[in-house]
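Chemist: pasting the structure only:
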C-alpha cells in the first residue's frame, strides 16, 4: 500500500449515466513512490460514510432504487464494469 496527501474540494462526479453534484473529493497533492508507479487516474472508495460517493448517490436520489453493484472479472483480458 502507499500514502498520499490530499487537498479536499467539491465537484460533479459522473459514473456512466449517473451524476452526483457537489460531491466531496480529495485531490492528491503528493503520492508515495509506490503509488507514483501505479497507472491509474484515481480511486473511488465504496465505503458508506458521510461525504462518500454512495451517500451522495442516495442523498441526491440519483438511483431508481438504493442498490449499487460492481463486477470485476477474474480474467485480466476482460474489463470490469460498474453496472
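Modeler: Right, received. Where do you want to start? Treat the numbers as computed from the prediction; the structure is a model and nothing was measured. Numbers count the residues shown, from 1 in each chain.
Chemist: quick check: longest strand of the protein.
Modeler: strand 18-31 (DSSP state E).
Chemist: what pairs with that one, and is each one parallel or antiparallel?
Modeler: strand 4-15 (antiparallel) (DSSP bridges).
Chemist: I'd like the mean pLDDT over the strand it pairs with, please.
Modeler: Strand 4-15 carries an average pLDDT of 94.
Chemist: what comes up buried for that strand?
Modeler: Within strand 4-15, the residues scored as buried using 16 or more other CB atoms under 10 Å are residue 13. Using the backbone N, CA and C atoms, a C-beta is placed for each residue, glycine as well.
Chemist: Off-centre distance for the longest strand of the chain?
Modeler: Remark: strand 18-31 is offset 8 Å from the chain centroid, using CA atoms, centre = their mean, to the nearest Å.
Chemist: which stretches of this structure aren't confidently modelled?
Modeler: 79-83 (pLDDT under 70).
Chemist: returning to what we had before: go through the longest strand of the chain and flag the buried ones.
Modeler: Under the neighbour-count criterion of 16+ other CB under 10 Å, strand 18-31 has 20, 23, 24 buried.
Chemist: ok, now stretch 34-48?
Modeler: Going through stretch 34-48 with 16+ other CB under 10 Å, nothing comes out buried.
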